[in-house]
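1. make a model of this:
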Amino acid sequence: MIAPGEPAPDFTLRDQDGRKTSLADFEGRTVVLVFYPNDFSPVCTDQLNVYQEVAGELDERSVSLVGISIDSTFVHKAFREHLGITIPLLADFHPKGEVARAYGVFNEKYGVSERALVMIDPRRTVAWSYVPDSPLQIPGANLIFDALDQQRAA
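-> Predicted coordinates:
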């Protein structure tokens with residue numbers, strides 16, 4: 001997994017509406033990349049619902065949440081509408097897992113991204129990264145807030 005202090009690999013992926021989205025689009029903001037295995041899986045559904053609950057508070061702190069999985073834009077759109085979330089979902093669909101690989105969180109055995117969080121500061125440097133011990137464990141929003149507080153205290 002990519003480590004804090006490393007430059008964040010740039011990317012351009014399509015969102016749930018087919019629009020190209022790049023890391024550069026978030027200039028001046030902290031970005032939290034939420035890598036997750038699959039849309040519509042129970043744990044991923046719960047995880048994104050948890051983050052949606054705090055999305056407004058993060059936005060007030062100039063933090064953008066962005067979900068990334070290997071699902072297609074069409075599946076992302078249906079998943080996002082099903083959950084009623086506003087978090088953009090990016091399709092790391094083709095070449096499959098290319099961005100997850102660049103961040104060191106692609107699971108070759110299962111062909112999906114690991115469940116992982118990567119915080120990127122406004123200078124496009126990795127500020128913090130996290131992978132839970134189990135793919136069934138949801139990284140709580142408190143981890144994101146704690147990492148933000150540590151970055152601001154430094």
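2. what are the buried residues along stretch 58-76?
-> For stretch 58-76, a neighbour-count test (16 or more other C-beta atoms under 10 Å) marks 58, 63-71, 73, 75-76 as buried. Every residue, glycine included, has its C-beta placed from N, CA and C.
3. meant to ask about stretch 88-101
-> Of the residues in stretch 88-101, those buried under the neighbour-count criterion (16+ other C-beta under 10 Å) are 88-93, 97, 99-100.
4. hey, C-alpha coordinates of that stretch in PDB?
-> Listed next in PDB are the C-alpha coordinates belonging to stretch 88-101 (Å, rounded to 0.1, in the frame of the first residue of the first chain):
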ATOM      1  CA  PRO A  88     -18.900  10.400  -6.400                       C
ATOM      2  CA  LEU A  89     -18.100   6.800  -7.400                       C
ATOM      3  CA  LEU A  90     -15.300   6.300  -9.900                       C
ATOM      4  CA  ALA A  91     -15.000   3.300 -12.200                       C
ATOM      5  CA  ASP A  92     -11.500   1.600 -12.000                       C
ATOM      6  CA  PHE A  93     -13.000  -0.700 -14.700                       C
ATOM      7  CA  HIS A  94     -10.700  -0.700 -17.700                       C
ATOM      8  CA  PRO A  95      -7.900  -1.500 -17.500                       C
ATOM      9  CA  LYS A  96      -9.300  -3.300 -14.500                       C
ATOM     10  CA  GLY A  97      -7.900  -2.100 -11.200                       C
ATOM     11  CA  GLU A  98      -5.200   0.200 -12.700                       C
ATOM     12  CA  VAL A  99      -5.700   2.900 -10.100                       C
ATOM     13  CA  ALA A 100      -5.900   0.500  -7.200                       C
ATOM     14  CA  ARG A 101      -2.700  -1.100  -8.400                       C
END
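5. what's it in contact with?
-> 9, 11, 13-16, 21, 35, 39, 66-73, 76, 79-80, 106, 111-114 (C-beta atoms under 8 Å, 6 or more residues apart in numbering).
6. sitting in strands, which of those residues do you find?
-> Assignment to strands by DSSP state E places the following of these there: 13-15, 21, 35, 66-69, 106, 112-113.
7. okay, those in CSV with distance to Tyr51 and pLDDT next?
-> Below are the ones in strands among the contacts of stretch 88-101 laid out as CSV (distance: C-beta to C-beta, whole Å; pLDDT from 0 to 100):
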residue, distance to Tyr51, pLDDT
Leu13, 18, 98
Arg14, 21, 98
Asp15, 16, 98
Thr21, 17, 97
Phe35, 12, 98
Val66, 10, 98
Gly67, 8, 98
Ile68, 13, 98
Ser69, 13, 98
Phe106, 21, 98
Val112, 19, 97
Ser113, 16, 96
